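Engineer: Sequence and predicted model, in that order:
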Amino acid sequence: MANVSEGGSSSLHIVLERVDPVRNIARYYVLSIEQTLFAKHTLIRRWGRIGCLGRERLQFFRNEDAPRAQVMLETWLTRKRKRGYAPRSGTGTPCPTLPRQRIQLK
């Protein structure tokens, strides 16, 4: 898989994008498996419009269910590729974010 980064033996990070200027589509989807403080594996899915904060969904797995977490990640990856998402091209931040806004107090 392209654009997969492993930050240690228990971390996996995949960034996908779907861009179609004609249809005004600019979306991202991030899949990652990370280990929690209590030795659980967590499948983290983040998605939204590029340049905006999106949504996030966490799915927890017991330590003995780590292979099941990997299977779920591959299932979501297959679904997103069928929908037209491709590995992110180029470099940059792993997850798009909104620029900080100034708040004025009265």
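Structural biologist: It's in.
Engineer: only C-alpha atoms for contact and neighbour calcs from this point on.
Structural biologist: Noted.
Engineer: Would you mind finding the longest strand in the chain?
Structural biologist: Determined from DSSP state E, the single longest strand within the chain is strand 25-35.
Engineer: and that strand, what does it pack onto?
Structural biologist: Using 3 or more CA pairs under 8 Å, 6 or more residues apart in numbering; DSSP states H and E, the elements in contact with strand 25-35 are strand 12-20, strand 41-49, helix 66-82.
Engineer: could you give the angle of the second one to strand 25-35?
Structural biologist: Regarding strand 41-49 and strand 25-35, their directions subtend 170 degrees when assessed with axes from the mean of the first three to the mean of the last three CA atoms, to 10 degrees.
Engineer: In space, not sequence, find me the middle residue of the chain.
Structural biologist: Nearest residue to the geometric centre of the chain (CA atoms, centre = their mean): residue 30, 1.3 Å.
Engineer: Name all residues that make contact with it.
Structural biologist: Going by CA atoms under 8 Å, 6 or more residues apart in numbering, residue 30 touches 13-16, 44-47, 95.
Engineer: at 10 Å what do you get?
Structural biologist: 13-17, 44-48, 56, 77, 87-88, 94-96 (CA atoms under 10 Å, 6 or more residues apart in numbering).
Engineer: State the distance from residue 83 to residue 72.
Structural biologist: In this view, residue 83 and residue 72 are 17 Å apart by CA to CA, to the nearest Å.
Engineer: More neighbours: the two, which one.
Structural biologist: Neighbours per residue (other CA atoms under 10 Å) separate residue 83 from residue 72, with residue 72 holding more: 14 against 10.
Engineer: got a list of what that one touches?
Structural biologist: 33, 43, 59, 78.
Engineer: How about residue 32, nearest residue that isn't a chain neighbour?
Structural biologist: The shortest distance from residue 32 to any non-neighbouring residue, by CA to CA, 6 or more residues apart in numbering, is to residue 13 (4.3 Å).
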